[in-house]
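1. Fold the stuff below for me.
(one chain, ligands or ions: 1)
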Amino acid sequence: MASKSKLQKFAELASNPIVLEKNPAFKGKWNTDFFKNQHPIVLELACGKGDYTLGMARLFPEKNFIGADIKGNRIWSAARIAGIENLQNIGFIRDQIDHINDYFVPGEVEEIWITFSDPFPRDGDAKRRLTSAKFLPHYKEILKAGGLIHLKTDSDLLYHFTKETLSEFPSEILKDYEDVYAMNKNEELYGIQTYYEKMHLLDKRTIKYLCFRLL
Ligand SMILES: C[S@@+](CC[C@H](N)C(=O)[O-])C[C@H]1O[C@@H](n2cnc3c(N)ncnc32)[C@H](O)[C@@H]1O
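-> Predicted coordinates:
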């Protein structure tokens, strides 16, 4: 079968009820109107093809998972798999993370994951990094008090930048793994490997992890 064109994928995305495209219709109503249960909501930012979101949704049916990314192609892949597997505890947002507060009321999110987000190496782009001081207050607002944020990255730059940013922001680092695999910690992180993580592992890059909360 010929692969689908971008236009076909975008048309499918627009009519897929588990994908919110630039449409914060469920703000404050994710539990009551979208998932129709009171389970905690875990949000993955820059989810790409949704590997972590999908992996966690399979492992934890008693929680709800939402993956957010701006790239329609990638969200289409993720939503397609969720549909094939008939996962009931998953949704996707296609939008800029800069707009994430439009989608949730304060305290609506239990936990945030950020996996292999772009390190944006140029100094001038530092504020685009998803753990920059520009983004952290937004996360603090939508998270429950004490809600955890998880960062998994291959980038030394992003890892050190995040620690430095946190040192200037009321926060607490709970876990800091400089080399997830050398420390045998990936099972603790549910054993999930994303598309980008697999590529970085083939390149023999070390994978780093931080778990922190904003105070
Ligand atoms: C390197 S990929 C990682 C994807 C996935 N987490 C993985 O590990 O395979 C980074 C993703 O971040 C998304 N992204 C970067 N900045 C973003 C932003 N401000 N808003 C939404 N998505 C963003 C990109 O579209 C891309 O899919």
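2. make it CA atoms for all contacts and neighbour counts henceforth
-> OK.
3. what residues does the protein put near the ligand?
-> 46-48, 69-71, 95-98, 115-118, 194-197 (Cα under 6 Å from any ligand atom).
4. Can I get the buried part of those as one PyMOL selection?
-> A single PyMOL command selects the buried members of those (16 or more other Cα atoms under 10 Å):
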select buried, resi 46+47+48+69+70+71+95+97+115+116+117+194+196+197
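5. Identify those among the residues of the chain next to the ligand that sit within helices.
-> 195-197 (DSSP state H).
6. now the residues you listed as CSV including pLDDT and distance to residue 19?
-> CSV is the format used below for those (pLDDT from 0 to 100; distance: Cα to Cα, whole Å):
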residue, pLDDT, distance to residue 19
195, 96, 20
196, 97, 22
197, 97, 24
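7. from the residues you listed, which single one is nearest residue 152?
-> residue 197 (9.0 Å; Cα to Cα).
8. from memory that closest one sits against residue 116, does it?
-> Yes: using Cα atoms under 8 Å, residue 197 is in contact with residue 116, at 7.0 Å.
9. Just the ones of the residues of the chain next to the ligand in strands?
-> 69, 115 (DSSP state E).
10. So which residue is dead centre in this protein?
-> residue 44 (1.8 Å; Cα atoms, centre = their mean).
11. For it, list each beta-bridge partner.
-> residue 67, residue 113 (DSSP bridges).
12. and it, what does it touch?
-> For residue 44, the contacting residues are 52-53, 65-68, 112-115, by Cα atoms under 8 Å, 6 or more residues apart in numbering.
13. What is the nearest of the residues you listed to the ligand?
-> Nearest to the ligand among these, counting by Cα to the nearest ligand atom, is residue 115 at 4.4 Å.
14. Might you report the residue contacts of that closest one?
-> 44-47, 52, 150-153, 194.
15. what's the worst-scoring helix or strand of the chain on mean pLDDT in contact with?
-> The weakest-scoring helix or strand in the chain, judged by mean pLDDT, DSSP states H and E, is helix 6-15 (a mean of 91). Contacts with helix 6-15, where a contact means Cα under 8 Å, 6+ apart, come from 19, 21, 72-73, 76.
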